[in-house]
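Chemist: I would like to see how this sequence folds:
(2 chains)
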Number of protein chains: 2
Amino acid sequence: MDDRTGQLIVPETPRRTDRRPANRYGNRPTMKDVAARAGVGLKTVSRVVNGEPGVTPETERRVQEAIDALGFRRNDSARVLRKGRTASIGLVLEDLADPFYGPLSRAVEEVARAHGALLINGSSAEDPDREQELVLALCARRVDGLVVIPAGDDHRYLEPELKAGVATVFVDRPAGRIDADVVLSDNFGGARDGVAHLIAHGHRRIGFIGDMPRIHTAAERLRGYRAAMADAGIPVADSWMSLGITDPGRVRRAAEEMLSGPEPVTAIFTGNNRVTVTVIRVLAEQSRRVALVGFDDIELADLLQPGVTVVAQDAAALGRTAAERLFAQLDGTLIKPERIELPTRLITRGSGELPPED
Amino acid sequence: MDDRTGQLIVPETPRRTDRRPANRYGNRPTMKDVAARAGVGLKTVSRVVNGEPGVTPETERRVQEAIDALGFRRNDSARVLRKGRTASIGLVLEDLADPFYGPLSRAVEEVARAHGALLINGSSAEDPDREQELVLALCARRVDGLVVIPAGDDHRYLEPELKAGVATVFVDRPAGRIDADVVLSDNFGGARDGVAHLIAHGHRRIGFIGDMPRIHTAAERLRGYRAAMADAGIPVADSWMSLGITDPGRVRRAAEEMLSGPEPVTAIFTGNNRVTVTVIRVLAEQSRRVALVGFDDIELADLLQPGVTVVAQDAAALGRTAAERLFAQLDGTLIKPERIELPTRLITRGSGELPPED
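Modeler: Numbering: from 1, shown residues only, chains lettered A, B, ... in the order given. Sure thing, here's the model as predicted:
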């Protein structure tokens, strides 16, 4: 540092191992620069930066002035290594653009913030390899804990991290082949209640359109559908059930097939919000009225004609419960992994109360 | 490491500076453990881990076996410090739960992934202090770059980071008091076109309900409203304009006030998707028909009765353009900050084509 001009003289050129321009990372002021400008030793700067005792107020003022003048900022990556911890938690979602995860993410963030932690988010795009890559990348960056909405069904890759003490809570779907905390909605019970509601309104030929069967929530909701039909003594035709990607084209074809033929379904139960919005479109084009109950609430569902009856999950409560459990793990107040199931709620708005129209 | 039992013997107990349980971070296997188990030197392990030459296949195999047996993982925080860079970019949003940011986030993530970078997300909750805290926390964790949807209007706090080479692109709203890349929608032009559309359908008493006036997009859209009214020679009454938080209660009161009195508005232009969904509810309760054009598209807008006419932004294109510009900065192919404006699109569905009903 040249005190006459106030200009920063970079004391050394760091070794560069990538092709990026030299000005990208080279000239960030260091503690050394601060020490030189303030005319004190490196240890003194370190004490001021870390709020440790042993510095006179006058020296502290000089160091603070140098920090302000240079725009020096403490490197938290270095602190992470020294302290062995970061104040951050990771959240691995399935899809950043699915509205179901909005309130869930926000709830996790609010809990993290209340604990002074930063939330780091990423999405797996429903790809187990990508989930693993993201989870391990977050662990390598030394997050204190992870809230995971898993895409895969084998999480043994996490065992070394769990042993090393990374707190982990699974949410929305359980972990596979490891023992871990999990917070779920009552997917089975919710779907069973929704389908029983259609049966109570006189339907017998009821279709089920859901997400890919390897996804826990999709499988559980299908199980709920089957249970409600079995409870009512209604045999289920294979053509009434369609599981697969939630792509609008696939869902549309599935719905149209169930609605055609000599014995079409008179009601459809949709397995999640992405499926529901497409089926609403298909039903709006039909000449006869078809009943609908959807899993997950959707915005404006009450303003459609008819209003859409849904089995609502509390996405914010899922996120909040998972995050609180994560911080309880970190505080050392939890001993054993548990499975917590939150209830769902049937909201009747019209579409699920339509009688069968043959 | 005791080779007879296969159990890990922790070589040293790290100093602990927090109150968390001792098993949280203490027993992660180190390169030293790997070296001991494989019976090789530390440098050899480092070569294998970093894919450097100079190791025989037999030795490499032994080291790899030790890595697998111990569950050792390279500590990326250490690599960050050594290389001066992380393969990660940060995205600072306004609200994780606003559906507008879903496709935008996903687009940024896809571009990051194509460049081999991890996306780290966080939200400011429309609080400038929280934005600054989050941005600096991400910088301290040595992200390569930042995509920022700003809450504040003074970003001079970022100057040391920009000088130090952190790539930065602002999106949706411009940076304040610094020179930075920014990618925006044509908020002024889009709002002007939407209001002109209502005027073309015979409306003169048109209300505007928007977000807080300090938010750039809200101010620009109000400016577009005023321009369209001025172009048509219509004087604007103060009572026709209401800006504030997008809380449903506030928006409802604003809409109900404009719709009452001796000279109620016959049409409303809503300044964003959060405002639109509340105004749709208010209008559904009115005995007379009131025209509506909303800024931002909303899911199921076409299935409401009437369908909702909107000025649509391309949220995914905003995210993609911003992220691509960020990586161009990191590649050193951009010299000067620019302002890029993406067009909006008027989508007519019925609500914006209703004639005035006095």
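Chemist: so what secondary structure elements neighbour the helix or strand hosting A:A219?
Modeler: Following DSSP states H and E, one finds A:A219 within helix A:216-231. Helices and strands touching helix A:216-231, by 3 or more C-beta pairs under 8 Å, 6 or more residues apart in numbering or on different chains; DSSP states H and E, are helix A:187-200, strand A:206-210, strand A:241-243. (Each C-beta comes from the backbone N, C-alpha and C, glycine too.)
Chemist: List of residues touching the second one?
Modeler: Contacts of strand A:206-210 with the rest of the structure, by C-beta atoms under 8 Å, 6 or more residues apart in numbering or on different chains, involve A:195, A:198-199, A:218, A:221-222, A:225, A:229, A:234, A:240-243, A:251, A:254-255, A:258, A:265-272, A:275, A:279.
Chemist: Highest mean neighbour count out of the helices and strands packed on helix A:216-231?
Modeler: Mean neighbour count (mean count of other C-beta atoms under 10 Å in any protein chain shown) peaks for strand A:206-210 among the helices and strands packed on helix A:216-231, with a mean of 27.
Chemist: picking that back up, columns mean pLDDT and distance to B:D154 on top of the helices and strands packed on helix A:216-231, output as a markdown table?
Modeler: Shown next, in a markdown table, are the helices and strands packed on helix A:216-231 (pLDDT from 0 to 100; distance: least, C-beta to C-beta, whole Å):
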| stretch | mean pLDDT | distance to B:D154 |
| --- | --- | --- |
| helix A:187-200 | 98 | 47 |
| strand A:206-210 | 98 | 49 |
| strand A:241-243 | 97 | 52 |
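Chemist: Using a markdown table, please lay out these together with distance to A:Q132.
Modeler: As requested, these are exported to a markdown table (distance: least, C-beta to C-beta, whole Å):
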| stretch | distance to A:Q132 |
| --- | --- |
| helix A:187-200 | 24 |
| strand A:206-210 | 25 |
| strand A:241-243 | 24 |
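Chemist: for A:V147, helix, strand, or coil?
Modeler: Here A:V147 is recorded as strand under DSSP: H, G, I helix; E, B strand; the rest coil.
Chemist: Identify the residues contacting it.
Modeler: Contacts here follow C-beta under 8 Å, 6+ apart; on that basis A:V147 touches A:89-92, A:108, A:168-171, A:319, A:322-323, A:326.
Chemist: in the stretch 251-358 of chain A, which spans are strands?
Modeler: Applying DSSP state E, counting those that start in this stretch to the stretch 251-358 of chain A gives strands spanning A:267-270, A:291-295, A:309-312, A:339-342, A:345-347.
Chemist: Out of these, which gets nearest to chain B?
Modeler: Smallest distance to chain B across the strands of the stretch 251-358 of chain A (C-beta to the nearest C-beta): 12.1 Å, for strand A:291-295.
Chemist: So A:L136, which state does it fall into?
Modeler: helix.
Chemist: how close does it get to A:R130?
Modeler: Here A:L136 is placed at a distance of 11 Å from A:R130 (C-beta to C-beta, to the nearest Å).
Chemist: Whichever strand or helix holds A:I120 - which strands sit beside it in the sheet, and in what orientation?
Modeler: Using DSSP H and E, A:I120 maps to strand A:118-123. If you go by DSSP bridges, strand A:118-123 pairs up with strand A:88-93 (parallel).
Chemist: Return the partner strand as PDB; C-alpha atoms alone will do.
Modeler: C-alpha atoms of strand A:88-93 as PDB (Å, rounded to 0.1, in the frame of the first residue of the first chain):
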ATOM      1  CA  SER A  88     -25.300 -22.600   6.600                       C
ATOM      2  CA  ILE A  89     -27.700 -25.400   5.700                       C
ATOM      3  CA  GLY A  90     -28.400 -26.900   2.300                       C
ATOM      4  CA  LEU A  91     -31.800 -27.600   0.800                       C
ATOM      5  CA  VAL A  92     -32.000 -30.000  -2.100                       C
ATOM      6  CA  LEU A  93     -35.300 -29.700  -4.000                       C
END
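Chemist: Not counting its own residues, what contacts that strand?
Modeler: Outside of strand A:88-93, the residues within contact range by C-beta under 8 Å, 6+ apart are A:101, A:104-105, A:108, A:112, A:117-124, A:131, A:134-135, A:138, A:141, A:143-150, A:167, A:323, A:326, B:141.
Chemist: Check these for burial and list the buried ones.
Modeler: Among these, those classed as buried by 16 or more other C-beta atoms under 10 Å in any protein chain shown are A:101, A:104-105, A:108, A:112, A:117-124, A:131, A:134-135, A:138, A:141, A:143-150, A:167, A:323, A:326, B:141.
Chemist: Name the residues of the stretch 101-250 of chain A found near chain B, please.
Modeler: Proximity of the stretch 101-250 of chain A to chain B, by C-beta under 8 Å from any C-beta of the partner chain, involves residues A:102-103, A:105-106, A:109, A:118-123, A:134, A:136-137, A:139-142, A:159-161, A:163-165, A:167.
Chemist: got a pLDDT number for the nearest residue to A:L304 once chain neighbours are set aside?
Modeler: Residue nearest to A:L304 in three dimensions, not counting chain neighbours: B:L303, with 5.8 Å by C-beta to C-beta, 6 or more residues apart in numbering or on different chains. pLDDT, B:L303: 94.
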